[in-house]
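Student: Kindly return the folded structure for what I paste below:
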Amino acid sequence: MGSISMVDAKTGRKCYLDDPDDLKPGEKVVFLLSLHGGGSVGAWQRSYFPAYHYKERYRLVIATPSAATKEPSRRWVAEADDDHLRNIVNYVFDKYGKDNIASFWLVGHSQGGMTANRLLGDDFFRNGVDGWLSLSGGRIGPIELPASFFVPVRGSVPPMPEGSNAPRPGRASTPDCDISFIFATGENEMVALPETSPWADKYGAGPRVRLPDVVDDKPGEIYDTLREGHSTPAWGLFPRPGRALVYVYPNARGGRLIADVVRLDKGHTEGLEPRITEELIKMMVAAPGGKARQSV
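Tutor: Numbering: from 1, shown residues only. Have a look, this model is predicted:
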């Protein structure tokens, strides 16, 4: 127990797997499958959203894999990665017991969030996932990105998905499933946050309510070193302390959690600060679960 490098027996690929050091047989856990953004790796994601620091307190199991495709940059591709991601989920369900998975969340940063959005269209994930935490990986109900969002690295800007309805960092496809949804973003990487949510409307939730701000006196753990010296506030600068605004849409049917979280004066790539990381985890743990136990 603790932190190990699990091996997918079917592909030979490795994945970080964190669980409570004192986990007891039959104990309930919350499972997070955490996906890095384009051009990144699992080790970076593990520090960008450092949920493993809270695995004992909130009884978490966190799987953090790396995508296989490396050219033109490392990114999640259905043909190369989806079977591996299913294998990871099956491994976790077998290791801890499907009946012991209190809830199962997809977590994804940037292209990892877009990938989580796509996976929700697959029966394997749609039938088992209880929630999606999009870390600047698309909002259900689009937001507008500023012109300075994409910063070239080595002279090129990564291509965006084509098509008017293609998911992208500011816009997600609407899932055809029932899940809780948290959109967390930096203030500088959007023009404005909408005051309404079509996902909240779907579940008959009330108007959004602002909860107490989350204030961090410590910075996150990581940032985009490839663009150091020529990045923008929209893309992200150095990690630093900060304040986050938390909005929830109350009284959604089924008790589902629907929330928007805005980290003030932050961009796309500054690692999450410790207190807002914990607040997001608390929200996920408190949300309804149980779909994993009912899935095939």
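Student: Going by C-alpha atoms from here, please, whenever you check contacts or count neighbours.
Tutor: Noted.
Student: list the contacts for Leu245?
Tutor: Leu245 sits next to Arg210, Leu211, Pro212, Asp213, Val214, Val261, Val262, Arg263, Leu264 when contact means Cα atoms under 8 Å, 6 or more residues apart in numbering.
Student: The longest helix along the chain: how far from the chain's middle?
Tutor: With secondary structure taken from DSSP state H, the chain has its longest helix at helix 78-96. The chain centre lies 17 Å from the centre of helix 78-96; the measure is Cα atoms, centre = their mean, to the nearest Å.
Student: Show me what counts as buried in that helix.
Tutor: The neighbour-count check on helix 78-96 (16 or more other Cα atoms under 10 Å) flags Asp81, Asp82, His84, Leu85, Asn87, Ile88, Val89, Tyr91, Val92, Phe93, Tyr96 as buried.
Student: now do stretch 216-232
Tutor: Of all the residues in stretch 216-232, those buried under the rule 16+ other Cα under 10 Å are Asp216, Pro219, Gly220, Glu221, Ile222, Tyr223, Asp224, Arg227, Ser231, Thr232.
Student: Determine the number of other residues adjacent to the residue nearest to the fifth one when sequence neighbours are not counted.
Tutor: By that I understand Ile222. Once flanking residues are discounted, Ile222 sits nearest to Gly271: 4.9 Å by Cα to Cα, 6 or more residues apart in numbering. Gly271: 27 surrounding residues under other Cα atoms under 10 Å.
Student: Are we agreed that Gly271 is in a strand?
Tutor: No. The assignment for Gly271 is coil, going by DSSP: H, G, I helix; E, B strand; the rest coil, so no strand is present there.
Student: sec struct for the closest residue to Gly170 other than its chain neighbours, please.
Tutor: In this structure, Gly170 finds its nearest non-sequential neighbour in Gly138, 4.6 Å apart by Cα to Cα, 6+ apart. Under three-state DSSP, the three-state class of Gly138 is coil.
Student: Check Val61 too.
Tutor: Taking three-state DSSP as the rule, one finds Val61 in the strand state.
Student: contacting residues for it?
Tutor: By Cα under 8 Å, 6+ apart, the contact set of Val61 is Leu17, Asp18, Asp19, Pro20, Val29, Val30, Phe31, Leu32, Lys55.
Student: before we move on, back to that, which of the buried residues of stretch 216-232 fall in strands?
Tutor: Using DSSP state E, Asp216 are the members of the buried residues of stretch 216-232 that sit in strands.
Student: Which of the buried residues of stretch 216-232 scores worst on pLDDT?
Tutor: pLDDT is lowest at Arg227 among the buried residues of stretch 216-232; the value there is 83.
Student: Look at the residue nearest to Gly170 and say how many residues are nearby.
Tutor: 30.
Student: What distance do you get for it to Asn87?
Tutor: 25 Å (Cα to Cα, to the nearest Å).
Student: What of Gly137?
Tutor: Computed with Cα to Cα, the distance linking Gly137 and Asn87 is 23 Å.
Student: How about Ala68?
Tutor: From Ala68 across to Asn87, the span is 14 Å (Cα to Cα).
Student: same question, Ala80
Tutor: For Ala80, the distance to Asn87 equals 13 Å [Cα to Cα].
Student: can you list contacts of the helix or strand bottoming out on mean pLDDT in the chain?
Tutor: Between all helices and strands in the chain, the lowest mean by mean pLDDT, DSSP states H and E belongs to strand 3-7, at a mean of 82. For strand 3-7, the external contacting residues (Cα under 8 Å, 6+ apart) are Arg13, Lys14, Cys15, Tyr16, Leu17, Asp18, Asp19.
Student: Strands along the stretch 51-200 of the chain, start to end?
Tutor: 60-65, 101-109, 131-135, 180-186 (DSSP state E, counting those that start in this stretch).
Student: Between those, which one is closest to Trp44.
Tutor: Closest to Trp44 of the strands of the stretch 51-200 of the chain is strand 60-65 (Cα to Cα; 9.6 Å).
Student: hmm, back to that, strands - which of the contacts of Val61 land there?
Tutor: In strands, judged by DSSP E, the following of the contacts of Val61 are found: Leu17, Asp18, Val29, Val30, Phe31, Leu32.
Student: per-residue confidence averaged over stretch 180-191?
Tutor: Mean predicted lDDT for stretch 180-191 stands at 95.
Student: now do stretch 40-56
Tutor: For stretch 40-56, mean pLDDT rounds to 97.
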